[in-house]
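[1] build the 3D model from these lines:
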Amino acid sequence: MNKPSMNRIYAALIAGCLSSVALAQTTDPSAAPTHADKKAAKVQAKANKKSDVAQAKADKSKTEAQTDADKAAADAKEKDAKKE
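    Okay, here's the model as predicted:
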């Protein structure tokens, strides 16, 4: 084969690849969700809820610990003030 015909073959291959990519991109990604999609969304929602509950518990514990620390600091200041 000569050089010009090889270039035509390469050009045809590249054009074919580009057209298949364009076709793949034109399919509707917002098509109706499948059963697996719905199930995955349900599992994800459940995991998010558990995560939110765990975060709320952690925040509550942190707040309570900070309150205890603030109270201890206030008690220490009061005790020091009485000593003076």
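[2] tell me how far residue 73 lies from residue 79.
    Distance, residue 73 to residue 79, by CB to CB, to the nearest Å: 11 Å. Just so you know, the C-beta spots here come from the backbone N, C-alpha and C atoms, and that holds for glycine as well.
[3] okay, now the unreliable bits of the chain?
    Within the chain, the segments meeting pLDDT under 70 span 1-6, 16-31.
[4] longest helix in it, please.
    Using DSSP state H to define each element, the chain has its longest helix at helix 35-83.
[5] now find how far off-centre that one is within its chain.
    In terms of CA atoms, centre = their mean, to the nearest Å, the centre of helix 35-83 is found 21 Å from the chain centre.
[6] name the helices or strands packed onto it?
    Where contact means 3 or more CB pairs under 8 Å, 6 or more residues apart in numbering; DSSP states H and E, helix 35-83 is not packed against any helix or strand.
[7] residue 82: neighbouring residues, count only.
    7 (other CB atoms under 10 Å).
[8] how is this structure divided into domains?
    Each domain of the chain is listed here as a residue range: 1-31, 34-84, per automatic domain parsing.
[9] distance from the longest one to the middle of the chain?
    Taking CA atoms, centre = their mean, the mean C-alpha location of domain 34-84 is offset from the chain mean by 21 Å.
[10] now for residue 58: which residues touch it?
    Not one residue lies near residue 58 by CB atoms under 8 Å, 6 or more residues apart in numbering.
[11] any idea how far it lies from residue 51?
    Residue 58 is 10 Å from residue 51, by CB to CB.
[12] who touches both of those two?
    By CB under 8 Å, 6+ apart, residue 58 and residue 51 have no common neighbours.
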